[in-house]
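here is a sequence together with a model predicted from it:
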Amino acid sequence: KILEKTASKFSLLMCKVFCTVFTPMWSTVYNGLYYDSEKFNELRELSKTHRLVFIPSHKSHIDYLVLSIILFQNGVLPPHIAAGDNLNFSVIGGILRRGGAFFIKRSFRGELLYTACIKHYISKILHEGYPVEFFIEGGRSRTGQVLQPKYGILRMIAQAVQADPQLPVKIIPCAITYEKVIEDMAYKNEQNGATKQKENITNLIRTTKLLISKYGQIYLSFGDPIDLNKALHITPDHTISDEEMTANIDTMTIDLMERINRISTVTTSALL
């Protein structure tokens, strides 16, 4: 039952639908989506020999679409995306699930069976060759600054590599930067003391007003890949302790967050 509620029902057809529906959005709602094509070509070649784990900054719900659409349009398999189970509502949850989303609880500390199921699922999709995407900050940043990292999913990926050192995994730091996020008024209201609005179909319909608004440009940047096996010092003939694993993950995560910060685009609106 846990896995049925969690697992993606990935469909390339749904990815094509997403591209058809949302590609005009980059020029209608935004002034364009920009990314380094040369850096992207390097990622395409890397995807042929490694399992890619994309870790983007998280500022907007649009983040879920940006990376998947760009990958699909350029001949790279879109990732399975770890999404909060608050997005698994009504019809939308089914659509996102077919676009690659798999839904997990915000917190499952102490839930041993749930943890085991999620750990197994992530290991399975990596071994099957799917890229994975998750937001290490957990929730969306309301300020534009990078938030404190959450280690849960990263640790599960590290444990999958530890169990199979032959699994070649590269961590790809990503920064998705907006001139203005579509949630700007919601964030403003939260700063003024309003409670966070729960995601549901009603609130989604209300956001259709964004289709007549302009939100500036979107910038997608890729940092230099991190070889997970090397970063964690995992080799077929060397077993590391839990303490070593924790220390190595801590060190790698600091490097990862610095890379995300370093590749973030400085926008005019952010300066203002």
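Sure thing, it's come through.

C-alpha from now on. contacts and neighbour counts both.
Noted.

not counting sequence-adjacent ones, nearest residue to Cys19?
Leaving aside its sequence neighbours, Cys19 sits nearest to Ile69 (CA to CA, 6 or more residues apart in numbering; 5.8 Å).

and that neighbour, what does it touch?
Going by CA atoms under 8 Å, 6 or more residues apart in numbering, Ile69 touches 15, 18-19, 23, 78.

low-confidence ranges, the chain, go.
196-213 (pLDDT under 70).

what ranges do the strands span in it?
Secondary structure of the chain (DSSP state E): strands at 33-35, 51-56, 80-84, 101-104, 132-133, 169-178, 218-222, 226-227.

how far off centre is the fifth one?
Between the mean C-alpha point of strand 132-133 and the mean C-alpha point of its chain there is a distance of 6 Å (CA atoms, centre = their mean, to the nearest Å).

ok, the first one next?
The gap between where strand 33-35 is centred and where its chain is centred comes out at 17 Å by CA atoms, centre = their mean.

which of the contacts of Ile69 lies closest to Leu228?
Pro78 (20.1 Å; CA to CA).

quick one: that closest one and Tyr64 touch, right?
No. Applying CA atoms under 8 Å as the test, Pro78 and Tyr64 come out as separate, 10.8 Å apart.

of the two, which one has the most company?
Pro78 (24 against 21; other CA atoms under 10 Å).

what about Ile218, distance to Ile182?
12 Å (CA to CA, to the nearest Å).

who has more neighbours, the two?
Ile218 (22 against 19).

tell me how far that one lies from Gly84.
In terms of CA to CA, Ile218 sits 23 Å off from Gly84.

could you do Asp227 as well?
For Asp227, the distance to Gly84 - CA to CA - is 27 Å.

so where do the helices sit in this structure?
2-6, 12-22, 25-28, 37-46, 63-73, 90-98, 112-127, 152-163, 184-191, 201-206, 228-231, 242-263, 268-271 (DSSP state H).
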